[in-house]
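Peer 1: here is my input; please provide its structure:
(chains A and B)
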Number of protein chains: 2
Amino acid sequence: MRRDNNHRKEPFLRHLGDAIRLRRVDLILSQEQLGLRAGFHRTYITDIENGQRNMSLLTALKLSKALRCLLSSQIASAEQALEQENDKRL
Amino acid sequence: MRRDNNHRKEPFLRHLGDAIRLRRVDLILSQEQLGLRAGFHRTYITDIENGQRNMSLLTALKLSKALRCLLSSQIASAEQALEQENDKRL
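Peer 2: Residues are numbered from 1 along each chain as shown, chains lettered A, B, ... in the order given. Modelled structure (predicted):
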């Protein structure tokens, strides 16, 4: 899975990463524990939480299952955070 | 962008493709017109609607923008359709 630094500042991925981190911390899981649950390496979880990975839909779905939550709700959180950020800029 | 026939029967992608097709038809757009809006080839739209593409999150986001809707709502539709399908199987 390719790490793409061009996505480092992609706001949607950054906000989604925040939502994923928040949920993981709520579940009192380490990045390593979440990685084991989802079948990913710990460093891949780190990259995702930092908004540095443009995951495929099926990968994102797998991760949301490991987090026992809906992918749509995590994406909705990222969309809302993005909207709030854009509102502040206006 | 690689077409992956292994995804042909991936239920989540199939349901998401249905949601995308429904929205496109609501907007009275052809696959070609949607492709032009989103910057994709018509055949790529066909594959997506048939559940044959495991898009990246940023590609899915681009497509939902072209469809003037939220990605989270399209993913929620797919999740609900998947749940209904699983309920029927029980």
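Peer 1: so where's chain A uncertain?
Peer 2: For chain A, applying pLDDT under 70 flags the ranges A:1-8.
Peer 1: which bits of it sit near chain B?
Peer 2: By C-beta under 8 Å from any C-beta of the partner chain, the residues of chain A that approach chain B are A:7, A:10, A:12-13, A:16, A:54-58, A:60-61, A:70-73, A:75-76, A:79. In this view, the C-beta of every residue, glycine as well, is placed from N, C-alpha and C.
Peer 1: ok, of these, which come out buried?
Peer 2: Among these, those scoring as buried are A:7, A:10, A:12-13, A:16, A:54-57, A:60-61, A:70-72, A:75-76, A:79 (criterion: 16 or more other C-beta atoms under 10 Å in any protein chain shown).
Peer 1: surely A:His15 and A:Ser77 touch.
Peer 2: Yes: counting by C-beta atoms under 8 Å, A:Ser77 is a contact partner of A:His15 at 7.2 Å.
Peer 1: quick one, which of those two is more surrounded?
Peer 2: Taking other C-beta atoms under 10 Å in any protein chain shown, A:His15 and A:Ser77 do not tie; A:His15 has more neighbours (22 against 19).
Peer 1: any idea which element the residue positioned nearest the centre of chain A lies in?
Peer 2: Note on chain A: the residue nearest the mean C-alpha position is A:Gly17, at 3.0 Å, using C-alpha atoms, centre = their mean. In the assignment (DSSP states H and E), A:Gly17 maps to helix A:11-26.
Peer 1: list the helices and strands the helix or strand following that helix packs on?
Peer 2: Next helix or strand after helix A:11-26 toward the C-terminus (DSSP H and E): helix A:31-38. Packed against helix A:31-38 by the contact rule (3 or more C-beta pairs under 8 Å, 6 or more residues apart in numbering or on different chains; DSSP states H and E) you find helix A:42-49, helix A:57-66.
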